[in-house]
Each structure stands twice: as C-alpha cells, then as structure tokens.
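1. Here is the input, now give the coordinates:
(4 chains)
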Protein chains: 2
Amino acid sequence: MPEDRPHTRGPVPHGHVTLADVARHAGVSAQSVSNALNNPARVAPQTRERILAAVDELGYLPNRSARALRNQRSRLIGVRVEASRDDRAALLLDQFLHALAESASANGCHLILCQADDEVEEVAAYRELLGTTSVDAFVLTGAHAGDARVAALRDLRVPFATFGRSWDGDTDLAWTDVDGRHGLYVATSHVAAQGHRRIAHVGWPGSSDTGRDRLAGWVEACKDLSLDTDLHAEVADDFEEGRRAAHQLLDLAEPATAITCASDTLALGVCRALAERGLRAGPDVAVTGFDNSPAAALSTPGLTSLRQPLEQVAHDLVTAVEALVNGATEPHQSLLRPELVVRGSSLRGPTD
Amino acid sequence: MPEDRPHTRGPVPHGHVTLADVARHAGVSAQSVSNALNNPARVAPQTRERILAAVDELGYLPNRSARALRNQRSRLIGVRVEASRDDRAALLLDQFLHALAESASANGCHLILCQADDEVEEVAAYRELLGTTSVDAFVLTGAHAGDARVAALRDLRVPFATFGRSWDGDTDLAWTDVDGRHGLYVATSHVAAQGHRRIAHVGWPGSSDTGRDRLAGWVEACKDLSLDTDLHAEVADDFEEGRRAAHQLLDLAEPATAITCASDTLALGVCRALAERGLRAGPDVAVTGFDNSPAAALSTPGLTSLRQPLEQVAHDLVTAVEALVNGATEPHQSLLRPELVVRGSSLRGPTD
DNA sequence: CTGTTAGCGCGTTCAT
DNA sequence: ATGAACGCGCTAACAG
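-> From the prediction side, this is the model:
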C-alpha cells in the first residue's frame, strides 16, 4: 500500500509496484532487492528468500524503461515488416514473426517492429530506433550480396543477425539460412523417382544468390541422374512469370514433364499454365515449389513444396543476436535443411 | 564533443547525443531545448530557431526510455502474434501488421509484439507487458462475444481497441470490423448475376457471431432474389470441412451450382471437392471466398474473394487507441466494407 | 521567457 | 552482507 505523501514534482504516480515498495514490504533497502534479483550471490540466502517472497506477494515487475535507462539495454530486438504483394505467396512473415517472438520471449526479450517499403527506408528506420536507444539489436530478413543494410548496421556498431547469407563469404556476419541447394536436390530427386526424365527448373535471375543456390541443387541432382540441365528459366519471383516460363518449357520439341521451382509463387504460376493447356499437375506434369506457404496446402492439387524450418531459424537468429549483445566476437552461423512436403502436384497417382 | 569529465557513478556513457549536449551547443538550458521541442509556445522564436538548428546539427534524437520513464508513456502499442495453421489460409497477419506498423509510425508509435498460443496466455502476456510499463495500449485481433481478453484489459484499465466487434452490443468498446454481411450480400448477388439460382453458403457454426453475420448477408441476398435459403452448411474454418460440405451440397437432388463461403480456406476446400468430381470451379460451379488471401490469387482458377481493407482497419484502430490514450471517453467504432475481387472461380466464361 | 530543482525506477559504486 | 549516494535522460513545477 503506497504511502500518502503529497505529490509535488515529477510525474503523477501510476500505482505500479516498484523496487522501493518491495523493499519496504521486506524490510530491506531497494538495493538489496535489486541484488536479490540480479545478483543473488551478493545477498544472504534468508534475506533473499524474504525478498523473493515479497516480490511474489506484491507481484513486482521491474520497470522496463527505468532498467533500459540505467543499463543502456532495452531487451528489445528490432524487426522490419514489409508489405506483402498480391502476386506472391505469403512471405511467411506471420509464421516467422511468431517463431521469432517466441524465441525472443524465451530470452526475456521482445520484438519491436518497424515498417519500411524499401531498403533505404529500412536503414532509416533502424537508425531512428537505434538513435532513440529503443533497441539492442536487429534481425534482418532477406540478406543478399552487397547488402547496404548490413554495411549500415556495421557502421552503427549495433548487433544484428540476418535470415539469409550475405554470400560475400563474410565470416564476420551472424546469419541463419535455409539450404536451398539441398532442397532442390531433394525435390529434383523426388520427381525423378516418379519416373520423370525431362525435369526443368524455374528459378530466379543469376543476380540472385539464393536463386543460383537453388539452381545449383537442381543441376547437381540432374547430373547425378544423368539428366539434361538445359531445361531452365530465370525469371522474377512472380506468378505471371512462372506461368509464362512454364508455357515455354512445354512448347519445346521435347517438353518438360516435371518442373521444379524456386518458390511456391512460381510453382503456382506453373500450375496455372498447365491448367490452361488442359494438363494436370501431378499425373501429367510434376510440379514442386519452395516455402510450403499456406497456398501450397490449399491449392488443388496440393503443391509439393519445401518447408523452411522457421522455428529453428528464429531460434538460431535470437541466439545469435543475444550472443553478440553479450559481447561474443565469433558470430553464429547456421545452415538449415528444408523438408520436402509431398502433395498431389508431384505424384503420378491419385492426388491427395 | 562531450567533455572529458571523469566518469564515476552510473552507467558508462554510450556516446548518444542528449538534451544536455544540445543545450550546451545552443548555449541554453536543457529545459529550453525540451520546451523548444515539446512546447514551442513557451520559448522565444529566435531561441527556438537556434535550438532547432543545434538539434539538427547534432542529430539529436530523444531517448525513448528516459522519456517513457518520465512521462509514463512508452508510445508503444502491444500486439499479439499467433501461430498460423497449415490447414488455413494465411491469417493476413503480415499484411495487417504492416499496415498497423505504418499507422502507428505515422502517430509516432511503434508496435511491440507478444506471442501467445491461446487467449489465456495472451492475457498473461498483456499483463506482463503492462506490468513492466512497456506499453501504452493494445490492439486485439479476433474479438468475439464474451471475450475474456476484453474483460481482462478493462480490469487492467489499459486502453485498447479490437479488430472485430464483441457482438455484445458493447457501446464502450473501441473496435473496427469488416462488414461480412454486406460482403456476402455482394458475393451472392454477384454469382446470381452469373445466372445461378441454386446458391449455397458454407459458413461457420452458429456459435460464431462473425459466421452468423456472413450467413445473414447470404440469406438477405437470397431473399431479395427469391432464392431458397436452405442450402447451407455450418462447419469449422478448415479446408477439409469445406471439402466435405461441398460434396454434400453437390450430392443433393437439386445440387448447388454456386457456393459462397465464409473464408478462403473453406472456399479452397470446396474447389478441391469440385476437382474430385470432375467439375470446374467457375464454368460448372461458382465459388467465392472471403479474405482475399494470397492463396486466392494464386490458385487455379483464381478464387473470387472479398478483400478486407486492412490499411483502413489499421488506421482506424491506431486512431482509436491513440484517442483513448489521450483521454477520450467516446470509443471509436467503425464498420468497413470489404471489396469483391472477381476471379475465375465465379465466372462462367474463360477463367482469367 | 528562461533557468533551477526535483524525481520517474533502477543498478553500480562505494562505504559501512 | 547491507545501505547510501549517485546518475542514466528527460520534463513538470516552480522561481526569477
């Protein structure tokens, strides 16, 4: 019960339980309460007991702002949310954010969002968040070669980790990524096991490292299977582009009978093209995507795709930034394997 | 350039520009700088000029923690992210969060995330965020009748607004919702305009207010068109349930030739059922969904659906909580109309 | 109109 | 082992 001293200067009281309230309740000084919580070794076991009991009884929760002000650490991790596009499958941002929030929470952290429509705005948003000291670290998504955001954050000397490699051979970067090469190797092998020999790949332009990586998995599998590696298209990650590319691959003298794609968006565009030609995805032409987006499970037939282990990605990223915040010098890096989710679009038999 | 006074007590300096730095630079007191920024009327125009110049020159950004500590306001809005389910279309959470972050940003606020897997956990998360005074207000999604979260937040006396009505006739609640009734009226009218007379509705159980609302729109349209209103199913929001319901509606003596659904998830399940019977969505049976999720645009044929105006929803919600934070007593409420996005699944002619 | 004082809640330093 | 002082950066209240 707060005392009834008259309030003169400073903000109006808000009625929350403070360290001082706990101290009064336990009959000790505020510092001892602080120690009992943050530095248990410095306080006698019995005193500690009593203090913790008081903490519990009063339902004390430390004030985040006061702590941040004092410690120069907010325990907040900044993340950007970008606009999703209608012509692309979900960014999986909701799944990723959920996983990230969960991992952060397990580390006593929270996520603070910033919004930006391009990478220049994004850096500005980071700068603002950092300048107001409301953030300890950042998690970036979609890192790429020559990423200006990486350079900017380095410049600002703030800890961060990226979902996606920088592909610079940058050993100083903390990152987690999904092994697209392995994923496409698995997907290609899978459709080959269904008896396909004319297996195509619809991927992203060579300027995309991730695209090149996924392409490499397809090439590797084709070579291991003694298949041609000429059947591939490089297009933007766009439904229409996927559709168009499929039509071309099916117009060939020896048309593709299976098409592996770098994304669900492209794969669903391919499925559209098949339908337009009266072909069935699965029995006639096998199709695989990447991401296992909600659309993959809900389309007809179901789209075979590669599930990204987002929970693990999130865990690794949070671990990585926490380590950096705590002064680690060796950055965490991890490459995780996606998991093939087989649905009707790649099966000869009756669709699921 | 900070002076080289020896540092004794307190945390180590972090090198950020503070109010005091600006004051020194401009040759005024810290208070005047604060006033120049927050209370311009209280400072002489010329002084203000000089101060703002110094702010600009030094790149001063106010420290969020210090401000929050002093003002008892963090300018942070709490939002829960929940796990998405594989058997449902995207929650649109990414689009919603982006829009919300943008609106918040326009109000000088940021979003802080908390994660919870059910509504009990959710309340606990809110309580924690509030107890650590790291939040000014909350935005809830999916409010429903007898919502325990609403009761809990009221109890905590924290401002909040909900996406979704409480359906209690609660005039004290700040909410924004999308008019599902209107949406289904429009969708039903649309398929009727395509010549359909046996129009069904696959919706949620009567226990769902939102489900009842959408159903009512279908009923209303049917009555206005003198159509039967017996063709409807009440099922959980699940792909398989939609599929099953469609089979039943198509097994009738006078089968449905059009099926309007309460969600894209259900509609895509319906499309699956059609494919299983060798029927084409569009030319044979018209199908409409709700949400305009990414899967709707990317499936084949494209799924006609109702787009929720999420940017406006986000704007209204932020406006509503800001008003409450600033002491408004009259809660903002707004009901927005969804927009029909027509694609191949509801058209007789060639699919788009 | 401007400067001084004081304190928001916490944790490190120092003294006991 | 515990307590007192001090300051993180900011702003309301007051005095000049």
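2. Chain B contacts on the stretch 251-352 of chain A?
-> Listed as neighbours of chain B in the stretch 251-352 of chain A under the rule C-beta under 8 Å from any C-beta of the partner chain: A:264-265, A:268-269, A:271-272, A:275, A:293-295, A:297-301, A:351. Bear in mind the C-beta positions are built from the backbone N, C-alpha and C, glycine included.
3. buried subset of these?
-> Neighbour counting over these (16 or more other C-beta atoms under 10 Å in any protein chain shown) leaves A:264-265, A:268-269, A:271-272, A:275, A:293-295, A:297-301, A:351 as the buried ones.
4. Please list which of those residues are also close to DNA strand C.
-> Intersecting those with the contacts of DNA strand C gives an empty set (criterion: C-beta under 7 Å from any atom of the strand).
5. Give me the subset of the residues you listed lying in helices.
-> A:264, A:265, A:268, A:269, A:271, A:272, A:275, A:294, A:295, A:297, A:298 (DSSP state H).
6. Present these as CSV; the columns should include distance to residue A:26.
-> Output for those, formatted as CSV (distance: C-beta to C-beta, whole Å):
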residue, distance to residue A:26
A:264, 57
A:265, 59
A:268, 62
A:269, 65
A:271, 66
A:272, 68
A:275, 71
A:294, 51
A:295, 56
A:297, 54
A:298, 56
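7. quick check, nearest of the residues of the stretch 251-352 of chain A next to chain B to residue B:211?
-> For residue B:211, the closest of these turns out to be residue A:298, at 19.4 Å, with distances computed as C-beta to C-beta.
8. and the nearest residue to that closest one once chain neighbours are set aside, what is it in contact with?
-> Ranked by C-beta to C-beta, 6 or more residues apart in numbering or on different chains and with sequence neighbours excluded, the top spatial neighbour of residue A:298 is residue B:268, at 4.2 Å. The neighbours of residue B:268, taking C-beta atoms under 8 Å, 6 or more residues apart in numbering or on different chains as the test, are A:298, A:299, A:300, B:89, B:239, B:242, B:289, B:295, B:296, B:299, B:303.
9. for residue A:153, same thing?
-> By C-beta under 8 Å, 6+ apart, the residues touching residue A:153 are A:123, A:126, A:138, A:140, A:160.
10. And the helices in chain A?
-> Using DSSP H, the helices assigned to chain A run over residues A:19-26, A:30-38, A:45-58, A:64-71, A:93-106, A:119-131, A:148-156, A:180-193, A:209-224, A:239-251, A:264-276, A:294-298, A:310-325.
11. Give me the residues contacting the first one.
-> When contacts are defined by C-beta under 8 Å, 6+ apart, helix A:19-26 is touched by residues A:2, A:29-30, A:32-34, A:50-51, A:53-55, A:57-58, A:60, A:62.
12. in it, what's buried?
-> Under 16+ other C-beta under 10 Å, the buried positions of helix A:19-26 are A:19, A:21, A:22, A:23, A:24, A:25, A:26.
13. And the pLDDT for the second one?
-> Looking back up the chat, that one is residue A:21. Model confidence at residue A:21, given as pLDDT, is 86.
14. in chain A, which residue is closest to the centre?
-> Among the residues of chain A, the smallest C-alpha distance to the mean C-alpha position (C-alpha atoms, centre = their mean) belongs to residue A:96, namely 4.7 Å.
15. Next one: that residue relative to DNA strand C, how far apart?
-> From residue A:96 over to DNA strand C the distance is 30 Å, taken as C-beta to the nearest atom of the strand, to the nearest Å.
16. I figured residue A:136 hits residue A:71, correct?
-> No: using C-beta atoms under 8 Å, residue A:136 is not in contact with residue A:71; the gap is 9.9 Å.
17. Which one's more surrounded, those two?
-> Comparing residue A:136 with residue A:71 by neighbour count (other C-beta atoms under 10 Å in any protein chain shown), the higher total belongs to residue A:136, at 23 against 13.
18. List the residues that contact the more buried one.
-> The contact partners of residue A:136, by C-beta under 8 Å, 6+ apart, come to A:73, A:74, A:75, A:76, A:77, A:109, A:158, A:159, A:321, A:325.
19. Can you report phi and psi for it?
-> Here is the backbone geometry of residue A:136 (degrees, to the nearest 10): phi -100, psi -30.
20. in terms of contact, does residue A:206 touch residue A:212 like I think?
-> Yes: with contacts counted by C-beta under 8 Å, residue A:206 reaches residue A:212, the gap being 6.0 Å.
21. who has more neighbours, these two?
-> Higher neighbour count among residue A:206 and residue A:212: residue A:212, with 19 against 10, using other C-beta under 10 Å.
22. Pull up the gap between that one and DNA strand C, please.
-> Here the criterion is C-beta to the nearest atom of the strand. By it, residue A:212 lies 47 Å from DNA strand C.
23. That residue is in contact with residue A:218, isn't it?
-> No: using C-beta under 8 Å as the test, residue A:212 is too far from residue A:218 to be in contact (10.8 Å).
24. Out of the helices of chain A, the one nearest residue A:334 is which?
-> For residue A:334, the closest of these is helix A:310-325, at 4.7 Å, according to C-beta to C-beta.
25. Identify the residues contacting the closest one?
-> Counting by C-beta under 8 Å, 6+ apart, helix A:310-325 makes contact with A:73, A:77, A:92, A:95-96, A:99-100, A:102-104, A:106-107, A:109, A:136-139, A:159-163, A:174-176, A:178, A:331-334, A:336, all of which sit outside it.
26. hmm, try it at 6 Å
-> A:95-96, A:99-100, A:103-104, A:107, A:136-137, A:139, A:159, A:161, A:174, A:176, A:332, A:334, A:336 (C-beta atoms under 6 Å, 6 or more residues apart in numbering or on different chains).
27. Counting neighbours, what do you get for the residue in the stretch 251-352 of chain A positioned nearest to DNA strand D?
-> Of all residues in the stretch 251-352 of chain A, residue A:325 sits closest to DNA strand D, with a separation of 18.2 Å (C-beta to the nearest atom of the strand). The local packing count at residue A:325 equals 17, with neighbours defined by other C-beta under 10 Å.
28. That one and residue B:216: what is the separation?
-> Taking C-beta to C-beta, to the nearest Å as the measure, residue A:325 and residue B:216 are separated by 53 Å.
29. Likewise for residue A:196?
-> Taking C-beta to C-beta as the measure, residue A:196 falls 50 Å from residue B:216.
30. With neighbour numbers in mind, choose between the two.
-> Neighbour tally, residue A:196 and residue B:216, criterion other C-beta under 10 Å: the higher count belongs to residue A:196, 22 against 16.
31. surely that one meets residue A:255?
-> No: Residue A:196 is beyond contact range of residue A:255, at 11.6 Å (criterion: C-beta atoms under 6 Å).
32. Skip the chain neighbours and tell me the closest residue to whichever residue of the stretch 101-250 of chain A sits closest to DNA strand C.
-> Of the stretch 101-250 of chain A, the residue with the smallest distance to DNA strand C, taken as C-beta to the nearest atom of the strand, is residue A:108 at 11.5 Å. Counting by C-beta to C-beta, 6+ apart, residue A:75 is the residue found nearest to residue A:108 once chain neighbours are left out, at 6.0 Å.
33. what does the average pLDDT come to for stretch A:269-286?
-> Model confidence over stretch A:269-286 averages 97 on the pLDDT scale.
34. what about that stretch, how long is it end to end?
-> Distance between the two ends of stretch A:269-286: 13 Å, counting by C-alpha to C-alpha, to the nearest Å.
35. do the same with stretch A:285-294
-> 22 Å.
36. Contacts made by it with the rest, please.
-> Taking C-beta under 6 Å, 6+ apart as the criterion, the residues outside stretch A:285-294 that touch it are A:89-90, A:187, A:191, A:194, A:196, A:257-264, A:267, A:270-271, A:274, A:279, A:281, A:296, A:303-307, A:341, A:345-346, B:89-90, B:295.
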